[in-house]
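1. below are the sequence and a predicted model; questions follow.
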Amino acid sequence: MSKAKHNPTGAGAIIALLILAGAIGGGMMGQPSIGLLAGLTLGILIALLLYLRDRRK
């Protein structure tokens with residue numbers, strides 16, 4: 001019997017886009033570093049949730 005191929009979801013682009021969006025949004029509010037860290041945190045959280053979802057399949 002052959003196993004079905006499983007293609008995991010990549011989250012690198014999501015992390016990168018949220019880092020940029022956070023830095024831009026934070027820069028508009030005068031706090032680009034905090035925005036960058038917030039974007040990174042949100043990106044890692046989404047990547048972790050995608051990983052856990054793929055692991056269940």
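-> Nice, I can see it.
2. the most centrally placed residue in the chain: which element?
-> Per CA atoms, centre = their mean, the C-alpha nearest to the average position across the chain is that of Gly43, at 2.8 Å. Per DSSP states H and E, Gly43 falls inside helix 32-56.
3. which residues does that helix contact?
-> With contact meaning CB atoms under 8 Å, 6 or more residues apart in numbering, helix 32-56 is reached by 6, 8-9, 11-12, 14-27, 29. Every C-beta, even on glycine, is put in place using the N, C-alpha and C of the backbone.
4. per-residue confidence averaged over it?
-> Helix 32-56 shows a mean pLDDT of 93.
5. what is the burial count for Leu36?
-> Residues lying near Leu36 (other CB atoms under 10 Å) number 20.
6. now, of the contacts of helix 32-56, which are buried?
-> The neighbour-count criterion (16 or more other CB atoms under 10 Å) marks Ala11, Ile14, Ile15, Leu18, Ile19, Ala21, Gly22, Ala23, Gly25, Gly26 among those as buried.
7. please narrow those to those residing in strands.
-> Among these, none falls in strands (DSSP state E).
8. in TSV: those, plus pLDDT and distance to Arg55.
-> Output for the buried ones among the contacts of helix 32-56, formatted as TSV (pLDDT from 0 to 100; distance: CB to CB, whole Å):
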residue	pLDDT	distance to Arg55
Ala11	86	13
Ile14	93	17
Ile15	94	18
Leu18	95	21
Ile19	95	24
Ala21	96	27
Gly22	96	26
Ala23	96	30
Gly25	96	31
Gly26	96	32
